[in-house]
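# heads up, no residue letters with this:
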């Protein structure tokens, strides 16, 4: 080890060390000379004699150096130096090669950085690979549910595959009696959560089973909340804070890095800032068939595989269903309990998207490698002579190959460094483009793994591709090259075949990438042109949450709804005003329902409905058409008989041949205590969750008629006021804000044009489409460079032939056609191979596409035409140059 | 390669041993070491510079000697070598090893 250190010191100071050795040897010689002089030799004679006696001083120095550095390393250094000089000598070649490599490598490190942060980086919990998310599911249901309280308690007590299991669900709380009152994202968590995650509080204690009972009022704060609202005051432990007006005793503070639940598409996928005990109520404990809103995280026992746990769940399920009350047993019989790795659930669909991106950049890299290989091949014709001279001076093929490889690696290294810089600069733009659509974006960072990945990519891939030309040059027939000063025709054939195959490969790869981009773009266009079921133009929404302090009772909340609607109506130019607890594309609630008899029998899993509580002219504002019956009226609010409006999907499902008006539905199962609600109208279908999802059964309930009991009150505290006006949306938004401020000046509000909400809901698709399109553009551009380079080279090589043809009377159109034909030939073969490749690869993307099949003709045709056009464009300059050749000069040069 | 100019009858590695042994007399520069070896061996060991200096570099690398610059007896700048602790240990080890080797050769020569 110390020897290595000494070597290193020597290496750093090698110039000085070498000099010292030279000085020392010179001293030796001087001493010798002196002794010769003493024995009677003349000065001059003594000097020559001492030199002779010393022998080969350079050998001694070289040997001395070799003690420290092996010959191989020394040679390598010289090769690198030589390579750099060579690269400096042809700056055009160097710049193009390095930039091309940098683009390819940079794209790969940028995407790998995302993959690393999102897919590879473990969740920030202890041994996160053992954590699984347990859900419940009904067959054919669009998404997995959470776990109901009685089901969770059953599983926690019975399942043996887990060392621990914890339930959590997020909720919103109002934090008051602090300098900056605010609404917080909080989570009800069962007391085992912190031990299951393996994270202990930074301060204070975790929750105990003692805390997890009804009426317990303790809280654990996130580090962020503790810093923001309490200035990291340690004395907060043991003190009370007010959440929704109720005192909770702070018992612990979580560490800074603790982030739970992880942000993602899964249920309850929003980080919480305050954790309070789950404390199921007696009602919740018995809520069979209801309240499937709790996420359950489990830790697998060591040695228990996820398959084993799944198998156990299947057996437990039978016993669980047997516990369900008889009336809902048929409903429960379809239940399953899926288990998935926690990380996989958090990442969701992004995994597929990232893998597609990774594939796209890998192809971009291959194309850029082929470009560099082309460059090396074309430039090797001019290098041929130099190499021939070197080998005739005694450099063996191995030595020459080694030198060329070193040169290539130097090139790749420069490309890698530049590519890494490119990636780190573009990371910020990439992340902001992704926005919230990328789960775990906070763990994306250019860490050492990215550096290692970049280094491996930079050094490995180009070697493979540069090796072919390098080896070819090294073993080329040198005598032939020496004789041929113009390097005209000798190796033309095999080289141009190799160049041609590179171009074909580039075209094929570029086609695959652009087909991928075309598919995404086409499906994005389809998404944009999808009818959302409502008219978002000229509509502005205002979202607010009423704090429980000032709006403690139903009466106050309803009064606010009324006053807000009235205030908005007074804004000049306003056509209609409405309000709803949710807006289209953002309805997250799903409820089970039952319909009065003599309907068409429906499958149990379809008994799910997306409800919205509305008031005012909600339908008119959003332009949702009434198909049958009537809208709500003010008279409904006063009536005790509850009324609802359903959408066409539900009408079709239940009464395909009859008029649904006058029929009744209710929440929950048929025997539930919920009152029957009369259907008074049918409206058009609205995309309630996302543009790409089909509209599901929906029901609209008049909010003002809703008898709000205390238990469901907090559910209605968040409301959206929607206003339709031909006015400019900015000024309308400002006036709306002012109107609400006049009712309650302290209320935080969020104003947004509804059309923006559509844009926001498309962020994930916009991200993947934009990025893949970008890569496709790069891929096509790089392929164009390849085509251009090869044709330019071909023209230079065929000067002679072209000259002869022209001398024999060929017109310039013939010459252009000759060049163009070659370009089109490459492209045709490349496109054919590319289409075959794309057909076999794009089915991997089907999960990312909307109403577009992976074999979409438009994408294939568009990409093929694009590449053909690009090929023609790239061949125009070389073709033009060919027509400008003067036959006379061509022959003179010969 | 580094041994190419060693006096032909020197066993490989012996030069290092001889240099270490010479340095037990105290701090010396390369010329003095060569002169010492020559005079003590009564001109039998003519150590060429092309093997002496690489050998010294090897000893430096192994940490058995350390070098510092100083003024020579005739006021020239010269590099002086000193034996280090680990150099002494190495000398003992190599001396034993050498004795063993010589004994073995001797035995072979006598019995044959």
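Right, received. Where do you want to start? What you are looking at is a predicted structure, and each value in this text was computed from that prediction instead of being measured.
# can you confirm residue B:46 is in a helix?
No: secondary structure of residue B:46 (DSSP: H, G, I helix; E, B strand; the rest coil): coil, not part of a helix.
# Quick one: name the residues of chain B near chain A.
Neighbours of chain A within chain B, by CB under 8 Å from any CB of the partner chain: B:1-2, B:4-5, B:29-31, B:34, B:48-51, B:53-54, B:56-58, B:60-63, B:69, B:72, B:74, B:76-79. The way it works is simple: take the backbone N, C-alpha and C, and place the C-beta from them, glycine included.
# just the buried members of these?
Burial by neighbour count, judged by 16 or more other CB atoms under 10 Å in any protein chain shown, picks out B:2, B:5, B:29-31, B:34, B:48-51, B:53-54, B:56-58, B:60, B:62, B:72, B:78-79 from the residues of chain B next to chain A.
# Residue A:57 reaches residue A:27, doesn't it?
No: counting by CB atoms under 8 Å, residue A:57 sits too far from residue A:27 to count as a contact (12.0 Å).
# Can you report how many residues lie near residue A:374?
26 (other CB atoms under 10 Å in any protein chain shown).
# What of the one 5 residues further on?
Other residues near residue A:379 come to 18 when the count uses other CB under 10 Å.
# Leaving out the residues flanking it, which one is nearest to it?
Spatially, and ignoring its direct neighbours in sequence, residue A:379 is nearest to residue A:93 (5.5 Å; CB to CB, 6 or more residues apart in numbering or on different chains).
# Show me what the lowest-mean-pLDDT helix or strand in chain B packs onto, helices and strands only.
Between all helices and strands in chain B, the lowest mean by mean pLDDT, DSSP states H and E belongs to helix B:49-62, at a mean of 85. With contacts defined as 3 or more CB pairs under 8 Å, 6 or more residues apart in numbering or on different chains; DSSP states H and E, helix B:49-62 has these neighbours: helix A:2-12, helix A:14-38, helix A:57-68, helix B:14-23, helix B:30-40, strand B:65-71, helix B:85-111.
# Report the buried residues of the fifth one.
Okay, so that is helix B:30-40. Under the neighbour-count criterion of 16+ other CB under 10 Å, helix B:30-40 has B:30-37 buried.
# in stretch A:420-440, what counts as buried?
Here stretch A:420-440 shows A:420, A:422-424, A:426-427, A:430-431, A:433-434, A:437-440 as buried, counting by 16+ other CB under 10 Å.
# can you tell me which of those residues lies nearest to residue A:498?
Of all the buried residues of stretch A:420-440, residue A:498 sits closest to residue A:422, with 29.0 Å by CB to CB.
# Regarding that closest one, what is its secondary structure?
What three-state DSSP gives for residue A:422 is helix.
# so what's it closest to, chain neighbours aside?
That would be residue A:106: by CB to CB, 6+ apart, it lies 3.4 Å from residue A:422.
# how about the one you found, what does it touch?
By CB atoms under 8 Å, 6 or more residues apart in numbering or on different chains, the contact list for residue A:106 reads A:418-423, A:426.
# who's in contact with the residue nearest to the spatial centre of chain B?
The centroid of chain B falls nearest to residue B:19 when counting by CA atoms, centre = their mean (1.8 Å). Contacts of residue B:19 were listed using CB under 8 Å, 6+ apart, and they are B:33, B:37, B:52, B:55-56, B:59, B:65.
# same thing with residue A:522?
Residue A:522 neighbours (CB under 8 Å, 6+ apart): A:852, A:856, A:858-859.
# List only buried entries from those.
Burial by neighbour count, 16+ other CB under 10 Å: within those this picks out A:852, A:856, A:859.
# Which of those sits closest to residue A:51?
Distance to residue A:51 across the buried ones among the contacts of residue A:522 (CB to CB) is lowest for residue A:859, with 79.0 Å.
# Please spell out which residues along the one helix or strand the closest one maps to are buried.
Residue A:859 belongs to helix A:857-883 when assigned by DSSP states H and E. For helix A:857-883, the neighbour count (16+ other CB under 10 Å) marks A:859-860, A:862-864, A:866-868, A:870-871, A:874-876, A:878-879, A:881-883 as buried.
# hey, which helix or strand in chain A has the poorest pLDDT?
Lowest on mean pLDDT, DSSP H and E among the helices and strands of chain A sits helix A:478-483, with a mean of 50.
# Next, the angle from the helix or strand that comes right after that one to helix A:857-883.
Following helix A:478-483 in sequence order, the next helix or strand is helix A:492-528 (DSSP H and E). Angle of helix A:492-528 versus helix A:857-883, following axes from the mean of the first three to the mean of the last three CA atoms, to 10 degrees, is 140 degrees.
# Which secondary structure elements does the lengthiest helix in chain A sit against?
Ranked by number of residues, the top helix in chain A under DSSP state H is helix A:350-392. Applying 3+ CB pairs under 8 Å, 6+ apart, one finds that helix A:350-392 contacts helix A:91-115, helix A:397-434, helix A:448-474, helix A:478-483, helix A:492-528, helix A:763-797.
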